[in-house]
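Trainee: got a structure for you, letters missing:
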């Protein structure tokens, strides 16, 4: 709840100081960071959670996993940082276009990236150990520090400050996560280069493929669609879509957090379809009804929500709520099924279904935007989420029936 509250405060500040056009630029940077995060962590997050949970009592194996992943992530992050720093102008043009000069953002991101990658790694280990309360405390401290930095940056530098805040705040998590990981397993004393094991990287490679496909290609699809909207409908329209996406991300955070912290470890430990089915239906009986109820309240309170969280300049966003909420209901229905790809290492099936989903989203977005303007992108998302749910329901039918 705290993370959602902080996100809402940040959105209000963004709305006041940068407006719809600035919101569109923030959206582009967020999409880029999602891809960069997946590359810098080699897509290992879900794999780390799974193997940490499975080897919690096997100290030797756990140490090998930790050492191997840590060394790999640090080396990868340093290489990416160099690419970001020395080619900052190139990335500025690719992400923001020729009309904006924010190369400094990518240079700062280059310095922050290694710290952020390691913090994501630490959180995955703590999550895999089942220390849910510690994950919550990390989130609390990290988000409070992030809020403070973001507010100061936006206050001083407006749009540039908003962009800098986005790249700086995740790195602050390192100082919180390093304290908890050291307290939990004595990480730095047990870290030895000699424990590096290529077999562990091979086992984790399937997770990399899955994460790269969704976390790298997915955001670039959204980036391409947003740039299409900017070109044909204008940057303010793109800002409205980003605003709706931010609102959606706040209430979906509740579901995604529960899935990552509670359901993924349980699905990873399930030994047969009977156990998996029990976990899936636990989700549908308790989480799904709660989400649908919240979605209904959000729809009827949409005018109040937009004026409270943003400004009157964002009121056109209210016309986007119906399709966004409908699409999100389909998405929430499919999430627990989709997590089985990670829990059971179904790499090829995941890539095929993700390719289908992203391709359908891109094509349908361009098609619907022609006829329904900005509302068309929300229609395309709802249509894609429904089609994806049907595919997963058929593929994982043994987990449902």
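Mentor: Yes, it's here. Since the model is a prediction, treat every value here as computed from it, not as a measurement.
Trainee: so what does the helix ranked longest in the chain touch, helix or strand wise?
Mentor: If you go by DSSP state H, the chain has its longest helix at helix 2-40. Using 3 or more Cβ pairs under 8 Å, 6 or more residues apart in numbering; DSSP states H and E as the contact test, the elements touching helix 2-40 are helix 59-86, helix 88-96, helix 103-128, helix 132-168, helix 198-212, helix 218-232, helix 235-258, helix 302-309. Quick note: C-beta positions are derived from backbone N, CA and C, even for glycine.
Trainee: can you pull the buried residues of the fifth one?
Mentor: So that's helix 198-212. Using 16 or more other Cβ atoms under 10 Å as the test for burial, helix 198-212 gives 200, 201, 203, 204, 206, 207, 208, 210, 211, 212.
Trainee: Throw the helices and strands packed on helix 2-40 into CSV and include distance to residue 359 and mean pLDDT, thanks.
Mentor: Formatted as CSV, those follow (distance: least, Cβ to Cβ, whole Å; pLDDT from 0 to 100):
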stretch, distance to residue 359, mean pLDDT
helix 59-86, 27, 89
helix 88-96, 22, 91
helix 103-128, 28, 91
helix 132-168, 28, 85
helix 198-212, 16, 75
helix 218-232, 9, 89
helix 235-258, 20, 89
helix 302-309, 31, 91
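Trainee: Could you save the ones you listed as TSV and add columns showing distance to residue 188?
Mentor: Shown next, in TSV, are the helices and strands packed on helix 2-40 (distance: least, Cβ to Cβ, whole Å):
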stretch	distance to residue 188
helix 59-86	10
helix 88-96	32
helix 103-128	11
helix 132-168	17
helix 198-212	20
helix 218-232	33
helix 235-258	28
helix 302-309	41
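Trainee: Of all these, which one is nearest residue 331?
Mentor: Of all these, helix 235-258 sits nearest to residue 331, with 7.4 Å by Cβ to Cβ.
Trainee: Can you name every helix or strand that that closest one contacts?
Mentor: Short answer (3+ Cβ pairs under 8 Å, 6+ apart): helix 235-258 packs on helix 2-40, helix 218-232, helix 273-300, helix 302-309, helix 321-343, helix 375-395.
Trainee: for the very next helix or strand once past that helix, which positions count as buried?
Mentor: Remark: after helix 235-258, the chain's next helix or strand is helix 264-269, criterion DSSP states H and E. Buried residues in helix 264-269, defined by neighbour count with 16+ other Cβ under 10 Å: 264, 265, 266, 267, 268.
Trainee: Please apply the same query to stretch 349-369.
Mentor: 349-351, 353-354, 357-358, 360-362, 364-366, 368-369.
Trainee: Point out the ones among those that are inside strands.
Mentor: Among the buried residues of stretch 349-369, none falls in strands (DSSP state E).
Trainee: which two in those are spaced the farthest apart?
Mentor: The distance between the two most remote of those (Cβ to Cβ) is 30.4 Å, for 349 and 369.
Trainee: How much space separates residue 373 from residue 319?
Mentor: Per Cβ to Cβ, to the nearest Å, residue 373 is found 10 Å from residue 319.
Trainee: just residue 73 next, same as before
Mentor: Taking Cβ to Cβ as the measure, residue 73 falls 43 Å from residue 319.
Trainee: Spell out the secondary structure type for residue 101.
Mentor: Secondary structure assignment for residue 101 (DSSP: H, G, I helix; E, B strand; the rest coil): coil.
Trainee: for the closest residue in space to it that isn't next to it in sequence, what are its contacts?
Mentor: Nearest non-adjacent residue to residue 101, counting by Cβ to Cβ, 6 or more residues apart in numbering: residue 92, 6.8 Å away. By Cβ atoms under 8 Å, 6 or more residues apart in numbering, the contact set of residue 92 is 100, 101, 102, 103, 105, 106.
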